[in-house]
Each structure stands twice: as C-alpha cells, then as structure tokens.
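Colleague: generate a structure from the sequence data that follows.
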Amino acid sequence: MQYSDSLAAPAAERVLPKVERQRLHDTVVEHLRTFITEGVLEPGQKLNERELCEHLGISRTPLREALKVLAAERLIDIEPNRGASVARLSEVEMREAFELMSGLEAFSGELACERITDEELAEIKAMHYAMVVCRNQDDLAGYYKLNHAIHERINLAARNRLLSQQYQQLNARLQAFRFRSNHLPPKWDRAVHDHEEMIEALEARDGKRLGAILRHHLLEKRDAVLLLMATEQAAHTR
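Modeller: Numbers count the residues shown, from 1 in each chain. The predicted structure follows:
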C-alpha cells in the first residue's frame with residue numbers, strides 16, 4: 001500500500017485531525033503511534049516527512065522530534081541519508097516478543113489481584129462495558145483503545161514500577177500486531193470472552209486464574225497474528 005493511498009482511506013481520515021499547538025510534541029507522538037498501530041503506516045513503509053507535516057498541520061521540527069521518540073521505542077528505524085521507515089518484526093522476533101509479553105501480563109495480573117483497589121476495579125469494569133459496546137458496533141479502533149487501556153490499568157494496579165517499565169517498552173512494539181489479531185471476527189469474539197473472564201478473576205482477586213487467562217490470551221493473539229502473516233505471505237506468492 002502506498003503512503004498516499006493509505007491517507008486517502010476512510011480509516012486514515014478518522015485519525016488525521018490537525019494537531020493543536022498545545023502539547024504539540026506529545027500529540028504528534030501519539031498520532032504517529034496510532035497510525036502505526038492501526039496500519040495507516042505499515043511495517044517497512046518509508047515515511048514521507050512532507051506529507052506527514054501537511055496532514056498533521058505541523059512543521060518538520062516537531063515531526064523529527066517525535067520520530068526520535070518513536071525510534072527510541074523501536075517503532076521506527078532511522079538510517080543516515082535514507083530517512084525513517086516503520087520498523088519490521090520478523091516472525092521469530094514477533095513470536096518471542098509475544099511469549100515474553102504473555103509472562104509479563106500474567107505476572108501483572110497476579111500482582112494486581114493482590115493490590116488493586118475497588119475504585120480501580122470499577123474503572124476497569126466500566127471500560128470493559130464500553131469496549132463491548134464498541135465490539136457490537138464493529139468499531140475496531142474504539143474497541144482497541146479501550147482494550148489497550150484495560151491491559152495497562154491491570155499492569156499499573158500491580159504497583160511494580162520495574163515491571164511496568166518493561167511491559168510498556170515491549171508492548172509498544174506489539175501494538176500493531178495486537179490490533180491486527182482482532183481482524184478475524186471469531187478471534188475478536190474470543191478476545192471479548194477472555195476479557196469477561198479477566199473481570200471475573202479480578203473481582204474474585206484470583207491471581208492464579210487471572211495470570212493463566214492473560215497468558216493464554218496473549219498466546220492466542222500470537223497465533224492469530226502468525227495465521228494472518230502466513231495467509232498474507234501465501235497471497236503474495238500466488
């Protein structure tokens with residue numbers, strides 16, 4: 001997919017509002033993360049600074065500052081004299097990353113069940129109900145934002161700063177894959193069911209059960225992504 005074509009797509013139009021000057025740096029970084037997560041900018045795609053600046057309504061200075069942040073997060077690659085492109089993960093890297101993330105998520109869930117407050121649990125439950133509404137409306141972008149927030153809240157409820165740091169660093173690299181894992185309706189519905197079980201385990205403060213659910217949940221996402229990758233590869237070789 002060409003970059004100009006992706007910007008013309010309806011999904012891209014939803015995420016391309018002009019950027020307000022207030023908190024410009026954080027806003028530009030968040031916009032670019034969303035483009036990568038939702039596939040507006042695809043793995044390996046070279047970034048056209050001029051087009052990005054035009055569509056975001058910014059100059060090149062804040063854009064380049066944002067690209068440096070994303071390069072530090074390993075979401076993009078910057079090569080001297082060649083510019084920036086969206087980072088790729090090989091099949092092996094992706095598999096290993098999901099396996100590690102499944103462990104981090106499981107440990108977060110175990111600790112969260114020991115340390116979560118009633119107020120935090122109520123917030124997570126509210127986000128879950130809103131997420132289900134998005135699923136019923138086939139709003140994948142809205143669903144995923146809430147899905148992502150729920151997993152982050154569980155991680156934060158673990159109250160382990162080192163765990164959160166490692167979680168956030170690795171999770172940033174997997175967002176596009178986690179988003180894509182819901183493209184198949186059966187997988188999407190299964191993910192919703194998993195989240196319902198997560199809520200039940202949190203309410204029961206059953207850390208062992210929640211850890212097992214989260215580990216299985218992440219490994220299922222890994223398998224869904226591997227299936228998509230294999231399907232796309234087969235299509236390209238026909």
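Colleague: show me the helices in this structure, by range?
Modeller: Taking DSSP state H, the helices of the chain run over residues 3-8, 10-14, 24-37, 49-56, 60-72, 91-115, 118-136, 140-157, 161-180, 185-204, 207-236.
Colleague: give me the pLDDT for the closest residue to Arg115 other than its chain neighbours.
Modeller: Using Cβ to Cβ, 6 or more residues apart in numbering and skipping residues adjacent in sequence, the residue nearest Arg115 is Arg159, 4.9 Å away. Just so you know, the C-beta spots here come from the backbone N, C-alpha and C atoms, and that holds for glycine as well. Note on Arg159: pLDDT of 98.
Colleague: measure Arg95 to Arg222 for me?
Modeller: Going from Arg95 to Arg222 by Cβ to Cβ, to the nearest Å gives 6 Å.
Colleague: more neighbours, these two?
Modeller: Arg222 (21 against 16; other Cβ atoms under 10 Å).
Colleague: and the gap between that one and Leu100?
Modeller: Distance of Arg222 to Leu100, given as Cβ to Cβ: 11 Å.
Colleague: check contacts around the residue lying closest to Ala201 once chain neighbours are set aside.
Modeller: Excluding its sequence neighbours, the residue lying closest to Ala201 (Cβ to Cβ, 6+ apart) is Leu210, at 3.7 Å. Taking Cβ atoms under 8 Å, 6 or more residues apart in numbering, we find Leu210 in contact with Gly109, Glu110, Ala112, Cys113, Met198, Ala201, Leu202.
Colleague: before we move on, back to that, now the helices of the chain in JSON lines, with distance to Gly83?
Modeller: JSON lines is the format used below for the helices of the chain (distance: least, Cβ to Cβ, whole Å):
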{"stretch": "helix 3-8", "distance to Gly83": "12"}
{"stretch": "helix 10-14", "distance to Gly83": "20"}
{"stretch": "helix 24-37", "distance to Gly83": "14"}
{"stretch": "helix 49-56", "distance to Gly83": "7"}
{"stretch": "helix 60-72", "distance to Gly83": "9"}
{"stretch": "helix 91-115", "distance to Gly83": "23"}
{"stretch": "helix 118-136", "distance to Gly83": "36"}
{"stretch": "helix 140-157", "distance to Gly83": "28"}
{"stretch": "helix 161-180", "distance to Gly83": "20"}
{"stretch": "helix 185-204", "distance to Gly83": "35"}
{"stretch": "helix 207-236", "distance to Gly83": "25"}
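Colleague: ok, back up a step: and the furthest pair within the contacts of Leu210?
Modeller: Glu110 and Met198 (12.4 Å; Cβ to Cβ).
Colleague: more neighbours: those two, which one.
Modeller: Met198 (22 against 19).
Colleague: enumerate every residue touching that one.
Modeller: By Cβ under 8 Å, 6+ apart, Met198 lies in contact with Gly109, Ile150, Ile154, Leu210, Ile213, Leu214, His217.
Colleague: mind checking how far it is from Met101?
Modeller: Here Met198 is placed at a distance of 15 Å from Met101 (Cβ to Cβ).
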